[in-house]
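Engineer: A structural model of the following input is requested.
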Amino acid sequence: MSDEVLVERRGAVQVITINRPEVKNALNAAVANGVAEAVDELDSSDELWAGVLIGAGGSFSAGMDLKGFLRGESPAIEGRGLCGITQTPPRKPLVGAVEGWALAGGFELLLACDLVVAARTARFGVPEVKRALVAGAGAALLLSRRLPLAIALELLLTGEPFGAERAAQVGLVNRLTDEGGALEGALELAATIAANGPLAVAATKQIARGSGDWTLAEGWDRQAEIMRPVFTSEDAREGATAFAEKRAPVWKGR
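Structural biologist: Residues are numbered from 1 along each chain as shown. Presented below is the predicted three-dimensional model:
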């Protein structure tokens, strides 16, 4: 892992830090590869059940490194999207923790996160149109699925930013914290998720994220297919046993 991305473990939660504070965590190829490697570790680990994505130095990310773009460098990974997560988000839950600015590609990384915790002083925006570019790493395609169309278009077509309070009001942000508190807030949220049955959490995320592309008729069959191995797992038996024995469950992820 390069110094541009730092990875640590907090219990069952992985913390991924984009570490280019001198350029407001602008996304280059090194960051892309580092984030992709980190989420691959998250999904493959038997000890990690949720992740947190944050930027160093009081800013989440200013988006694509435009100097790198002019050199022909891309922070996208073929078949996986920006930083390896916008087209193929991790199987396990990922929480974005936002201080300062989350702009352009930085904002689009948040759309790959399942939940977002932000400081009240955070700012969000997709200013690509101001540079004659298109928000093609997820915002133009996905933002209208997360927000009412008129609000999504306001963000996309004006290029003007939103404050954290409004982002929370329209549903982009789950929880607000005081400035400097986004990481702790995100860790608290991720730890709550990580305490639950990991197979059930991953399956629930898969259903919730995938169901938008299913018809109602096929949805019941697709859901049953995803749920079936969860209900026959060791963890399902452990959950019922722990409840009967009035103790905390010990998950194995199988």
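Engineer: now the most centrally placed residue in the chain. Nearest residue, chain neighbours left out?
Structural biologist: The C-alpha lying nearest the average C-alpha coordinate of the chain belongs to C113 (CA atoms, centre = their mean; 1.6 Å). Excluding the flanking residues, the one nearest C113 by CB to CB, 6 or more residues apart in numbering is G96, at 3.7 Å. C-betas here are computed from N, CA, C, even on glycine.
Engineer: next, that neighbour: secondary structure please.
Structural biologist: What DSSP: H, G, I helix; E, B strand; the rest coil gives for G96 is strand.
Engineer: please enumerate the helices of the stretch 151-254 of the chain.
Structural biologist: 164-169, 182-194, 198-210, 216-231, 234-245 (DSSP state H, counting those that start in this stretch).
Engineer: how far does the last one sit from its chain's centre?
Structural biologist: By that I understand helix 234-245. With CA atoms, centre = their mean, to the nearest Å as the basis, the distance from the averaged C-alpha position of helix 234-245 to the chain average is 30 Å.
Engineer: for that helix, buried residues please.
Structural biologist: By neighbour count, with 16 or more other CB atoms under 10 Å as the criterion, the buried positions of helix 234-245 are 235, 239.
Engineer: the residue nearest to the centre of the chain and V98 touch, don't they?
Structural biologist: No: when contacts are counted by CB atoms under 8 Å, C113 is not listed as touching V98 (9.5 Å).
Engineer: what's the closest non-adjacent residue to L157?
Structural biologist: Closest to L157 by CB to CB, 6+ apart is V129, at 6.5 Å.
Engineer: show the pLDDT at that neighbour.
Structural biologist: The predicted local distance difference test score for V129 is 90.
Engineer: just to revisit the earlier point, could you pull up the residues touching the residue nearest to the centre of the chain?
Structural biologist: Contact analysis of C113 by CB atoms under 8 Å, 6 or more residues apart in numbering lists 53, 89, 94-96.
Engineer: again with A195
Structural biologist: Under the criterion of CB under 8 Å, 6+ apart, the contact partners of A195 comprise A12.
Engineer: related to what we said a few turns ago, okay, the helices of the stretch 151-254 of the chain in CSV with distance to R254 and mean pLDDT next?
Structural biologist: Converted to CSV, these look like this (distance: least, CB to CB, whole Å; pLDDT from 0 to 100):
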stretch, distance to R254, mean pLDDT
helix 164-169, 37, 96
helix 182-194, 16, 97
helix 198-210, 7, 93
helix 216-231, 10, 92
helix 234-245, 5, 91
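Engineer: could you say which of those is packed most deeply?
Structural biologist: Across the helices of the stretch 151-254 of the chain, the average number of neighbours (mean count of other CB atoms under 10 Å) peaks for helix 182-194, which reaches a mean of 21.
Engineer: what angle separates that helix from strand 94-98?
Structural biologist: Put simply, helix 182-194 runs at 160 degrees to strand 94-98, going by axes from the mean of the first three to the mean of the last three CA atoms, to 10 degrees.
Engineer: from now on call the first residue 52
Structural biologist: Done: numbering now begins at 52, and the last item shifts to helix 233-245.
Engineer: helix 233-245 vs helix 249-261, what angle?
Structural biologist: Our comparison of helix 233-245 with helix 249-261, counting by the same axes, to 10 degrees, yields an angle of 110 degrees.
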